[in-house]
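> sequence and predicted structure below; questions after.
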Amino acid sequence: MSLGEQIVFLLILAVPVACVAWTVTQEEVFREPREWCKKNSEACSRLFERKFFYLFTCEYCFSHYVSAVFLIITRFKLLYSDWRGYLLAFFALVWVANVYMNLYAHIRLDVKRERVEIKEKEQVVNGGKDQATAGRIRARP
């Protein structure tokens, strides 16, 4: 595989790694198991147990394990065709996936901020009334 193909493969492979790591550690669908893991990461007496459960609450930490699984599945190597290629691919994949997750987090924050600003402007325009109330008032004869 040429260097250009390897870079493209790395950039594409980082997308599902970031997606899985973000979804497990941040999204609502995994909230209950994540809260259980968080509780165990704080309450377990053994260091190994605390660190194991912490993995599922930190997208950066979890992305290392997701990257390892994806490298095993795809057998992707970066620059070298031996074990060094796996090592470089592993750290590069973690880094790119975390860049993607940070970009996604910033985009979500910007969207949330815009929604709050829009809601505040609507309240000012409606004189402090929510949109549903304002719609009912306008609809009356």
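Sure thing, it's come through.

> tell me the contacts of the residue nearest the centre of the chain?
With distances taken as Cα atoms, centre = their mean, the chain has residue 22 as the residue nearest its mean C-alpha position (2.4 Å). Counting by Cβ atoms under 8 Å, 6 or more residues apart in numbering, residue 22 makes contact with 59, 101, 104. For the C-beta atoms, the positions are set from N, CA and C on the backbone; glycine is no exception.

> helices - which of the residues you listed land there?
The helices in this structure, assigned by DSSP state H, contain 59, 101, 104 from the contacts of residue 22.

> in this protein, where is pLDDT below threshold?
Scanning the chain for pLDDT under 70 picks out 128-141.

> please repeat the previous calculation with a cut-off of 90.
1, 26-28, 30-31, 33-34, 37, 40-45, 48-59, 61, 105, 108-141 (pLDDT under 90).

> which element is residue 22 on?
helix 3-26 (DSSP states H and E).

> go through that helix and flag the buried ones.
Applying a neighbour-count criterion of 16 or more other Cβ atoms under 10 Å, one finds 6, 9-10, 13-14, 17-18, 20-22, 24-26 buried in helix 3-26.
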